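S.K.: fold the following, please.
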Amino acid sequence: MKKLTLLFICIFPFFSFCQNYQHDNFFGTNGRVVTDINNGSEDVSVSFVELNDHSIITLVQDTYPSNTYYLIKYLPSGTIDTNYGNNGFINLSFIDVKYFSKMILKNNDRILLIGKTGTYPNYNTKITQLLSNGNLDVSFANNGSLETIGILNFKLNSNNTFFLYKIVKENNINQLEQTRFLENGSLDISFGTNGFFSFSITNSGNNLINQVQFINNKRYIYYKHLNTQSNYEYYIAVYYDNGSIDTTFGINGELVYYSNASTQQNITKYIKTNGSLIFAIKDQNSFYLKQYTSNGQLDNSFSTNGIATNNLDYSNEMYGHYVNSIICKNNNDFFVIGAIGGEEETYLTIHKFNNNGNLEDDFSINFGYSYQHNQIKYSDDKFIILGETFWYSLNQNIVLERYSTDVLDTKNYTQAFKIYPNPVHSNLIIDNTTGNVNYTIFNILGKKILTGKFNSLSKNIDVSNIHNGIYLIKINDKSYKFIKK
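M.R.: Got it, this is the predicted structure:
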């Protein structure tokens with residue numbers, strides 16, 4: 001069996017939610033775009049970003065035969081943007097890395113690619129900046145790239161400056177070293193001591209520090225400890241920007257959120273904007289959620305005394321049963337993303353919980369095996385999912401899908417009304433109307449553009465002032481596509 005390092009999660013061609021989430025028919029073919037990088041190649045997805053104009057850039061790898069990384073740009077409609085790079089593709093061979101792990105979008109549409117150089121275990125981290133057109137930004141750092149000894153985490157600030165975090169050890173005490181860089185990739189010598197600031201992590205000793213998260217002016221540091229009984233204990237410690245520990249959190253700034261584990265556990269963490277912490281924990285026998293308040297106490301308003309136990313399948317010990325990520329909505333409702341399946345095939349699961357930790361039963365998904373998922377993003381009430389077809393298919397290709405609410409549902413394209421001309425330049429005419437009829441026009445992103453009312457005497461809609469493109473007009477309970485030129 002071929003071994004792949006990415007997450008094995010799959011999803012069915014029909015993605016149905018009781019809340020009317022379904023394939024976005026304005027995107028690709030029935031909500032899906034499949035891309036073959038090179039005919040007969042084995043393609044692997046790595047990451048993607050959505051630009052301000054809702055176009056999408058994916059970072060992918062042709063693992064065989066060339067082992068080459070590419071960027072591919074898609075328009076909001078899912079069509080490859082042939083004006084980008086070479087017919088929509090940019091070959092990244094000009095960047096000397098062993099592999100790429102992440103792609104980050106700045107708010108000026110410049111892209112940072114994070115990769116590794118060197119050989120295991122002495123990898124260095126290389127950060128390269130590209131312009132919005134995909135060309136190397138030679139004004140960034142050293143001719144477009146900066147390289148440093150391996151980092152634990154990267155944080156991009158709203159002003160496009162950024163921090164690099166790494167763990168260094170002095171006198172057997174772990175230190176979190178923070179380095180701040182300016183937007184152009186040069187060291188910000190106004191920060192700390194010539195751009196560097198470090199502080200000791202209390203009680204961490206030889207424990208493994210595996211993650212740093214950020215909210216407001218605090219650093220949340222996660223580490224695990226192997227106690228004298230050979231059981232793992234999972235800690236979180238909270239520090240302010242200046243390196244002082246937040247003694248109001250937990251017990252003197254620390255919290256044990258899981259203990260007495262004989263093996264390492266699958267635990268996913270998320271910090272809400274109000275500082276509450278959610279842990280999705282899957283151990284040998286169960287799956288449950290825990291929520292702590294911003295001061296590290298179990299949140300009694302969350303489910304039962306801060307713990308939510310649900311009859312979800314993640315507790316099963318078959319291959320591929322794990323929690324992958326948590327996505328939080330603006331109202332603090334959240335989705336738990338996971339995988340369930342067998343040794344070779346697993347499929348994507350999405351469960352929705354409200355702010356109080358209650359599972360929303362009206363949120364459901366119909367599954368099947370179609371492709372393996374690598375990254376999912378939720379924004380503007382849409383899911384965008386990146387993955388690839390299974391390795392045992394004749395060609396392993398890149399898959400990009402978008403799902404949206406019933407605003408973009410085109411299943412009701414029956415001709416109860418006749419709409420013409422299509423494409424239209426100025427006046428859209430509606431036939432077969434009796435009485436007053438309400439209409440709403442949406443663009444391909446689901447944004448409401450125009451609303452109004454017409455009748456059998458006045459059935460022209462002036463669309464001369466809207467931009468050229470593809471639109472959907474919803475008339476009563478029916479929906480129709482038209483093109484404005």
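S.K.: could you point out which element follows the helix or strand of the chain with the lowest mean pLDDT?
M.R.: Least confident helix or strand, the chain: strand 10-11 with a mean of 39, by mean pLDDT, DSSP states H and E. Of the helices and strands lying after strand 10-11 in sequence (DSSP states H and E), the nearest is strand 22-23.
S.K.: quickly list what the most centrally placed residue in the chain is bridged to.
M.R.: Residue closest to the mean C-alpha point of the chain, counted by CA atoms, centre = their mean, is K377 at 3.5 Å. K377 has these beta-bridge partners by DSSP bridges: I384.
S.K.: wouldn't it be in contact with R402 here?
M.R.: No: taking contacts as CB atoms under 8 Å, K377 lies outside contact range of R402: 9.8 Å. The way it works is simple: take the backbone N, C-alpha and C, and place the C-beta from them, glycine included.
S.K.: could you name every residue contacting both of the two?
M.R.: The contact sets of K377 and R402 overlap at F383, I384, I385 (CB atoms under 8 Å, 6 or more residues apart in numbering).
S.K.: which one of those is nearest I114?
M.R.: Using CB to CB, I384 is the member of these that lies nearest I114, at 20.2 Å.
S.K.: count of neighbours near that closest one?
M.R.: Neighbour count of I384, defined by other CB atoms under 10 Å: 21.
S.K.: tell me who's in contact with it.
M.R.: By CB under 8 Å, 6+ apart, the neighbours of I384 are F48, E50, I56, I376, K377, Y378, L400, E401, R402.
S.K.: help me confirm that K126 comes into contact with G150.
M.R.: No: contact criterion CB under 8 Å: K126 and G150 do not qualify, at 10.5 Å.
S.K.: quick one, grab the pLDDT at the residue nearest to the centre of the chain.
M.R.: K377 is assigned 91 on the pLDDT scale.
S.K.: also S262?
M.R.: 67.
S.K.: strands of the stretch 201-350 of the chain, start to end?
M.R.: Here the stretch 201-350 of the chain has its strands, by DSSP state E, counting those that start in this stretch, at 208-215, 218-226, 232-240, 254-261, 266-271, 277-282, 287-292, 307-309, 322-328, 334-341, 346-353.
S.K.: quick check: which of the ones you listed is nearest to I72?
M.R.: strand 346-353 (21.8 Å).
S.K.: that closest one vs strand 287-292, what angle?
M.R.: Angle, strand 346-353 to strand 287-292, by axes from the mean of the first three to the mean of the last three CA atoms, to 10 degrees: 40 degrees.
S.K.: send the alpha carbons of strand 346-353 over as PDB?
M.R.: Taking C-alpha atoms only, strand 346-353 is exported to PDB below (Å, rounded to 0.1, in the frame of the first residue of the first chain):
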ATOM      1  CA  THR A 346     -11.800   7.500   5.900                       C
ATOM      2  CA  TYR A 347     -14.400  10.200   5.400                       C
ATOM      3  CA  LEU A 348     -14.900  13.700   6.500                       C
ATOM      4  CA  THR A 349     -17.300  14.400   9.500                       C
ATOM      5  CA  ILE A 350     -18.600  17.800  10.500                       C
ATOM      6  CA  HIS A 351     -20.700  18.300  13.600                       C
ATOM      7  CA  LYS A 352     -22.100  21.600  14.800                       C
ATOM      8  CA  PHE A 353     -22.400  22.600  18.400                       C
END
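S.K.: what's that strand packed up against?
M.R.: Strand 346-353 is packed against strand 10-11, strand 334-341, strand 371-379, with contacts defined by 3 or more CB pairs under 8 Å, 6 or more residues apart in numbering; DSSP states H and E.
S.K.: and if we set it to 7 Å?
M.R.: In terms of contacts (3 or more CB pairs under 7 Å, 6 or more residues apart in numbering; DSSP states H and E), strand 346-353 is packed against strand 10-11, strand 334-341.
S.K.: among the ones you listed, which gets the worst mean confidence?
M.R.: strand 10-11 (a mean of 39).
S.K.: looking at K126 and G150, which has the bigger crowd around it?
M.R.: The residue with more neighbours, out of K126 and G150, is K126; 21 against 14, by other CB under 10 Å.
S.K.: quick check, that one in a strand?
M.R.: Yes: assessed with DSSP: H, G, I helix; E, B strand; the rest coil, K126 lies in a strand.
S.K.: surely it meets V97?
M.R.: Yes: using CB atoms under 7 Å, K126 is in contact with V97, at 5.4 Å.
S.K.: shared neighbours of these two, which are they?
M.R.: Contact with both K126 and V97 is made by residues G115, T117, according to CB atoms under 7 Å, 6 or more residues apart in numbering.
S.K.: burial of the residue lying closest to F442 once chain neighbours are set aside, as a residue count?
M.R.: The shortest distance from F442 to any non-neighbouring residue, by CB to CB, 6 or more residues apart in numbering, is to L472 (4.8 Å). Using other CB under 10 Å, L472 has 22 neighbouring residues.
S.K.: what of N252?
M.R.: A count of neighbours around N252, defined by other CB under 10 Å, yields 13.
S.K.: same question, the one 3 residues further on
M.R.: Other residues near L255 come to 20 when the count uses other CB under 10 Å.
S.K.: kindly report the same for the one 3 residues further on.
M.R.: For Y258, the count of nearby residues is 17 (other CB under 10 Å).
S.K.: which residues touch the closest residue to it other than its chain neighbours?
M.R.: Counting by CB to CB, 6+ apart, Y234 is the residue found nearest to Y258 once chain neighbours are left out, at 4.1 Å. With contact taken as CB under 7 Å, 6+ apart, Y234 is in contact with K224, V256, Y257, Y258, I267.
S.K.: of these, just the buried ones, ChimeraX syntax please.
M.R.: A single ChimeraX command suffices to select whichever of the contacts of Y234 are buried according to 16 or more other CB atoms under 10 Å:
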select :224,257,258,267
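S.K.: and the contacts of Y234, which is closest to N274?
M.R.: Closest to N274, out of all of the contacts of Y234 and judged by CB to CB, is Y257, at 17.8 Å.
S.K.: thought the closest one was touching F279?
M.R.: Yes: between Y257 and F279 a contact is recorded at 5.6 Å, counting by CB under 7 Å.
S.K.: Y69 should be in a strand, yeah?
M.R.: Yes: assessed by three-state DSSP, Y69 belongs to a strand.
S.K.: any idea how many residues pack against it?
M.R.: 23.
S.K.: check contacts around I430.
M.R.: Counting by CB under 7 Å, 6+ apart, I430 makes contact with F417, I419, F454, K459, I461.
S.K.: list the contacts of the third one.
M.R.: Read that as F454. I430, T433, V437, Y439, I461.
S.K.: any idea how far the closest residue to I189 other than its chain neighbours is from N242?
M.R.: Closest residue to I189 apart from its sequence neighbours, by CB to CB, 6+ apart: G195 at 5.1 Å. Using CB to CB, to the nearest Å, one gets 16 Å for the distance from G195 to N242.
S.K.: do the same with T63
M.R.: For T63, the distance to N242 - CB to CB - is 45 Å.
S.K.: who's more crowded, those two?
M.R.: T63 (18 against 9).
S.K.: contacting residues for the more buried one?
M.R.: Applying CB under 7 Å, 6+ apart, the residues near T63 are E42, V44.
S.K.: and it, what element?
M.R.: Going by DSSP H and E, T63 is part of strand 56-64.
S.K.: what residues of that strand count as buried?
M.R.: Neighbour count says strand 56-64 has I56, I57, T58, L59, V60, Q61, D62, T63 buried, by 16+ other CB under 10 Å.
S.K.: just curious, which of the contacts of F454 is nearest to I271?
M.R.: Nearest to I271 out of these is Y439 (CB to CB; 43.2 Å).
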